[in-house]
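In: coords below, sequence missing:
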Ligand code: 13P
């Protein structure tokens, strides 16, 4: 089945409001003709600016994290209704940097994914193994454990509303991109796990993330089970990010 390519720019903790505005103005003319899903994930402080500047275009906007509660005594957190009010459409959940540096747990993700869906925010759920995990031959065990835990409270019928990003930790920000074989194998495995849950797995978009650049994107995006990319470093430059969108065909 034909899945619409999904190319997302995860800026991480980069870009002020002024820099975000400059990026959007540079990106829009470069991707005006695309039929792909193009998503920009700015830091919270630049969400409003990016949402307003892309109005009337095909660009969609995602936050990089979200608390599962609607409101409450959770200092420093942001909720789904707060994002929806801004017209944010999606949210990255479970990025490995949040798991590694900020104690994001599978238990919290099991609450965050359904909370996002309940507010019509599209979750972009990140999974991926560490270098030690891959070396120990545990890639599939890790992926299956994360998927089953993080999606435990999502109804099978809702699984196609979730976007999955396969991001091997050893490939993030290292310039060490997964080989096409590794990316395909892992993304096909993820689809199999979802199929095993009874989901319409052929409808789920599965992205690859980890050192995606304009010069390696076409090969990765052509893989049968890789439906898009979650781009870090190369997404900070509008020209490079537009080239990656174009590489999706
Ligand atoms: P890089 O593209 O910088 O490796 O980052 C990948 C990533 O973590 C996207 O979420």
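Out: Cool, got the structure. Because the structure is a prediction, the values reported are computed rather than measured.
In: Quick one: list the elements packing against the longest helix along the chain.
Out: Ranked by residue count, the top helix of the chain under DSSP state H comes out as helix 180-196. Judged by 3 or more Cβ pairs under 8 Å, 6 or more residues apart in numbering; DSSP states H and E, helix 180-196 is in contact with helix 139-150, strand 163-166, strand 206-209, helix 217-221. Glycine gets a C-beta too; all of them are placed from N, C-alpha and C.
In: Swap in 10 Å and give it another go.
Out: Secondary-structure packing of helix 180-196 (3 or more Cβ pairs under 10 Å, 6 or more residues apart in numbering; DSSP states H and E): strand 122-127, helix 139-150, strand 163-166, strand 206-209, helix 217-221.
In: what's the closest of those to the ligand?
Out: strand 206-209 (4.2 Å; Cβ to the nearest ligand atom).
In: What strands flank that closest one, and is each parallel or antiparallel?
Out: strand 163-166 (parallel), strand 228-231 (parallel) (DSSP bridges).
In: As JSON lines, those strands with mean neighbour count would be great.
Out: Output for these, formatted as JSON lines (neighbours: other Cβ atoms under 10 Å):
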{"stretch": "strand 163-166", "mean neighbour count": "27"}
{"stretch": "strand 228-231", "mean neighbour count": "29"}
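In: quick one, helices of this protein?
Out: 17-30, 44-53, 80-85, 96-101, 106-118, 131-135, 139-150, 180-196, 217-221, 238-247.
In: quick one: which of these is nearest the ligand?
Out: Closest to the ligand of the helices of the chain, according to Cβ to the nearest ligand atom: helix 96-101, at 6.9 Å.
In: Let's test this: mean pLDDT of that closest one, rounded?
Out: Mean pLDDT, helix 96-101: 98.
In: can the helices of the chain go into TSV with extra columns for distance to residue 207 and mean neighbour count?
Out: Converted to TSV, the helices of the chain look like this (distance: least, Cβ to Cβ, whole Å; neighbours: other Cβ atoms under 10 Å):
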stretch	distance to residue 207	mean neighbour count
helix 17-30	18	17
helix 44-53	20	19
helix 80-85	20	17
helix 96-101	14	16
helix 106-118	16	19
helix 131-135	19	14
helix 139-150	14	18
helix 180-196	8	18
helix 217-221	10	20
helix 238-247	12	20
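In: what sits against the residue nearest the centre of the chain?
Out: Note on the chain: the residue nearest the mean C-alpha position is residue 124, at 4.2 Å, using Cα atoms, centre = their mean. Contacts of residue 124 were listed using Cβ atoms under 10 Å, 6 or more residues apart in numbering, and they are 6, 8, 10, 39, 41, 62-64, 90-95, 116, 162-165, 205, 207, 209, 228, 230.
In: Narrow those residues to those that are buried.
Out: 6, 8, 10, 39, 41, 62-64, 90-95, 116, 162-165, 205, 207, 209, 228, 230 (16 or more other Cβ atoms under 10 Å).
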